[in-house]
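**Student:** can you look at this prediction? I've put the sequence above it.
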Amino acid sequence: MKMNKDEYQALEDIVGPEYINQQPVIMETYNQVWGSAFFFDDKHSTRPAAVLLPADTRQISEAVKVCNKHGIMFKAFSSGFDCVALALESEKAIFFDLRRMNRILEIDPKNMRAVVEPYVSVYKLQMEAAKHGLYLGAIGGGYSAGVVSTECCHHGCKRTMVFTSGYGRNILGAEWVLPTGEILELGSGDNGSNLFSADGPGFSIRGILRGRGGANGGHGVITKVSAKLYPWYGPPEWENTKEDGEPPVRAQIDKVPAGFKVLIVTFPTLAAVKQAAFDFCQADILYTLATGLLGVAVLPEGNDEEWAMMQKSTPEVQDLATKTMVLIIGGGSDRELEYREKCVMAISEKLGGRCLPQFNEPRGLARAFMDLMWSTGAVPLRTTGDMLGSSSNLDGSPDMLEKVVQMETEITRKYEQEGLFVGTGKSKSGLHWRPLENLCIDTQGISLNIYDSHDPASLAAGREFITELFDPRGKFRRFGIPSRGGCLQIESVTHVHQNWGPLYDNFDTWLQKIKRMLDPNSVADWSAYIPPEYLEKGDYIPPSFGKKTKI
């Protein structure tokens, strides 16, 4: 059921007629993303009844109160990450497009923090923070991701977590429009201290705000966040260049900036890689650690060129990449940088690690630096725009990750050889992971599988693959809840919380209590969070692709 004229007028009175729209041609553009066919049997999910572009927190608060009065669901939209950002559980629902709220409100060099609005991207803040000798931290999802969404709303893993810690602990304060329309300022913000700290007397509300995986818009709108920053040892500004006639994707910095050094080390065995990672992290000397030669190769011009590169890959090359680590170190002085490099080389040599010339070419090192520090190389091959991330919760030891990846590779190879997944048919088990924090809370890994959403057989194979990994009764059960914070989780389709909650102290019932407390009228869209009550009953609810229940 769409909104009636009076409901639409009430929202228009808040933002103005030029900042609200319900024309079908506009609504079509807001929910066509790569995962829609996979989940909903359509290139679109549920189309919104209207889209609003609010200017500030007050307008959002007033609009949310209108939603409560008239039973309209809402969801905030900023960087728009996959179907999580765009799926809706009701046809009587609106999007808050937050692109007008795009300001960096403050960079505080003394206290090393920044206050930003929702449409400020990670990369934009990094560029401005560098002018003050500060750095936010990179995200694997790409540099266009929003600061607010990554820090407050969604699960992710910084490529620089060995230096900048994890997202949840970098929230120093937030302004939060609750699903009732009330405005909450966390911690010191409540007494006028400008969001300096998220924790005041009593327990921390960050746990409710952020949780393990983020609510993905399911409990209101975060309109402002104060994020912790870290030292940046490089220049205040830089420029990407390319040769005449080269595609824009080839533009990059010419060399690794002064203040940093990139070392790509190849080890004789996977066991040596894991031990080296432990030793590096315990020595507390790194800025970034990544495996699998991430960001080193020259970027291809397009999908055809990247596909050609994939076909040339051999199991031997893949095996070598698995045993290779990309390390970035930084220092506030030449002496500090030299000391850190000596530490890296001492640990590497002890475990048989070598800096092979073919991987340590200067321009390749510069490419690795920009891709890992600024997430510019995060977008994978998309022949049809569709991919499956690893659905197992790969937060564990490197040994656990290796077992998961081996099991997933066996399944993937079968689909590749049958022509159902896009691949070379010669996949070899690889371990691509990065340390969570300083390896003090284990690691995170991911594997990617590409399917063709225009091919019914390939689409069916992708769903079969995810169903097997999502089944709490199956062989992946011992590796934990299958979720990367929602990348492949639409609760009314995949039923992840419902199926896995009973195995983990019924955490889902506590999430539902929080949902009902914050959102008594159930107007904050819960598609990538949790419903106040489950729509189906049963000990196990299989994924219902293409059959999402509307409310």
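**Tutor:** Noted; the coordinates are in hand.

**Student:** is the closest residue to Lys131 other than its chain neighbours in a helix, a strand, or coil?
**Tutor:** Spatial nearest neighbour of Lys131, excluding adjacent residues (C-beta to C-beta, 6 or more residues apart in numbering): Pro236 at 4.5 Å. The way it works is simple: take the backbone N, C-alpha and C, and place the C-beta from them, glycine included. Assigned by DSSP: H, G, I helix; E, B strand; the rest coil, the conformation of Pro236 is coil.

**Student:** what's the neighbour count on the nearest residue to Glu243 once chain neighbours are set aside?
**Tutor:** What sits nearest to Glu243 in space, not counting adjacent residues and going by C-beta to C-beta, 6+ apart, is Arg250, at 7.3 Å. The burial metric for Arg250, expressed as a neighbour count using other C-beta atoms under 10 Å, is 16.

**Student:** and Tyr233, what does it touch?
**Tutor:** Pro257, Gly259, Phe260, Gly330, Gly331, Gly332, Leu337 (C-beta atoms under 8 Å, 6 or more residues apart in numbering).

**Student:** contacts only, for the closest residue to it other than its chain neighbours.
**Tutor:** Distance criterion C-beta to C-beta, 6+ apart; nearest residue to Tyr233, sequence neighbours excluded, is Gly259 at 3.2 Å. The neighbourhood of Gly259, defined by C-beta under 8 Å, 6+ apart, consists of Tyr233, Gly234, Pro235, Gly330, Gly331, Gly332, Leu337.

**Student:** the strands in the stretch 251-400 of the chain, which residues?
**Tutor:** With DSSP state E, counting those that start in this stretch as the definition, the stretch 251-400 of the chain shows strands at residue ranges 260-266, 288-291, 324-330, 388-389, 395-396.

**Student:** list the buried residues of the helix or strand harbouring Gly462.
**Tutor:** Under DSSP states H and E, the secondary-structure element containing Gly462 is helix 456-470. Judged by neighbour count (16 or more other C-beta atoms under 10 Å), helix 456-470 contains these buried residues: Ser458, Leu459, Ala461, Gly462, Arg463, Phe465, Ile466, Leu469, Phe470.

**Student:** next one: stretch 214-224
**Tutor:** Buried residues in stretch 214-224, counting neighbours by 16+ other C-beta under 10 Å, are found at Gly214, Ala215, Asn216, Gly217, Gly218, His219, Gly220, Val221, Ile222, Thr223, Lys224.

**Student:** same question, stretch 9-27
**Tutor:** Taking 16+ other C-beta under 10 Å as the neighbour-count basis, stretch 9-27 is seen to contain the buried residues Ala10, Leu11, Glu12, Ile14, Val15, Tyr19, Ile20, Asn21, Gln22, Met27.

**Student:** so what touches it?
**Tutor:** Counting by C-beta under 8 Å, 6+ apart, stretch 9-27 makes contact with 2-3, 8, 47-55, 59, 62-63, 66, 69-70, 94, 100, all of which sit outside it.

**Student:** and it, end to end?
**Tutor:** Here the two ends of stretch 9-27 are set 18 Å apart, with distance taken as C-alpha to C-alpha, to the nearest Å.

**Student:** what mean pLDDT does that stretch get?
**Tutor:** Stretch 9-27 shows a mean pLDDT of 96.

**Student:** off-centre distance for it?
**Tutor:** The gap between where stretch 9-27 is centred and where its chain is centred comes out at 30 Å by C-alpha atoms, centre = their mean, to the nearest Å.

**Student:** give me the pLDDT for the residue nearest to Lys131.
**Tutor:** Checking the pLDDT column for Pro236, the value is 96.

**Student:** before we move on, what about Thr46?
**Tutor:** Thr46 carries a pLDDT value of 88.

**Student:** what about it, which helix or strand?
**Tutor:** Assigned by DSSP H and E, Thr46 falls outside every helix and strand.

**Student:** so it sits against Leu88, correct?
**Tutor:** Yes: at 4.2 Å, Thr46 and Leu88 qualify as touching, with contact defined as C-beta atoms under 8 Å.

**Student:** between these two, what contacts are shared?
**Tutor:** Between them, Thr46 and Leu88 share the neighbouring residues Asn31, with contact defined by C-beta under 8 Å, 6+ apart.

**Student:** got a markdown table for the buried residues of stretch 9-27, with secondary structure and distance to Val148 too?
**Tutor:** A markdown table is the format used below for the buried residues of stretch 9-27 (DSSP: H, G, I helix; E, B strand; the rest coil; distance: C-beta to C-beta, whole Å):
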| residue | secondary structure | distance to Val148 |
| --- | --- | --- |
| Ala10 | helix | 26 |
| Leu11 | helix | 22 |
| Glu12 | helix | 26 |
| Ile14 | helix | 21 |
| Val15 | helix | 20 |
| Tyr19 | helix | 20 |
| Ile20 | strand | 22 |
| Asn21 | strand | 23 |
| Gln22 | coil | 26 |
| Met27 | helix | 24 |
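
**Student:** quick check: the gap between Glu18 and Leu53.
**Tutor:** 9 Å (C-beta to C-beta, to the nearest Å).

**Student:** beta-bridge partners for Glu175, please?
**Tutor:** Counting by DSSP bridges, Glu175 is bridged to Glu185, Lys224.

**Student:** now for it: which residues touch it?
**Tutor:** Taking C-beta under 8 Å, 6+ apart as the definition of contact, the neighbours of Glu175 are Thr57, Ile183, Leu184, Glu185, Leu186, Gly189, Leu195, Ile222, Thr223, Lys224, Val225.

**Student:** circling back to that earlier point, which of the buried residues of stretch 214-224 fall in strands?
**Tutor:** The subset of the buried residues of stretch 214-224 located in strands under the criterion DSSP state E comprises Val221, Ile222, Thr223, Lys224.

**Student:** show me what contacts the third one?
**Tutor:** Meaning Thr223. Asp56, Thr57, Ile60, Leu98, Met101, Glu117, Pro118, Glu175, Trp176, Val177.

**Student:** and those residues, which are buried?
**Tutor:** Under a neighbour-count criterion of 16+ other C-beta under 10 Å, the subset of those counted as buried comprises Thr57, Ile60, Leu98, Met101, Glu117, Pro118, Glu175, Trp176, Val177.

**Student:** for the fifth one, which residues are in contact?
**Tutor:** Right, Glu117. Contacts for Glu117 were tallied using C-beta under 8 Å, 6+ apart; they are Leu98, Met101, Asn102, Arg103, Ile104, Leu105, Val148, Thr223, Lys224.

**Student:** rerun at 7 Å
**Tutor:** Applying C-beta atoms under 7 Å, 6 or more residues apart in numbering, we find Glu117 in contact with Met101, Asn102, Arg103, Leu105, Thr223, Lys224.

**Student:** give me the domain ranges for this structure.
**Tutor:** With domains defined by automatic domain parsing, the chain comprises 5-97, 104-231, 248-374, 388-481.

**Student:** coming back round to it: which one of the strands of the stretch 251-400 of the chain lies closest to Gly141?
**Tutor:** strand 388-389 (10.3 Å; C-beta to C-beta).

**Student:** quick revisit: narrow the contacts of stretch 9-27 to those in strands?
**Tutor:** Judged by DSSP E, the contacts of stretch 9-27 include Ala50, Val51, Leu52, Ile94 as members of strands.

**Student:** got a winner among these for most neighbours?
**Tutor:** Comparing those by number of neighbours (other C-beta under 10 Å), Ile94 comes first, having 28 neighbours.
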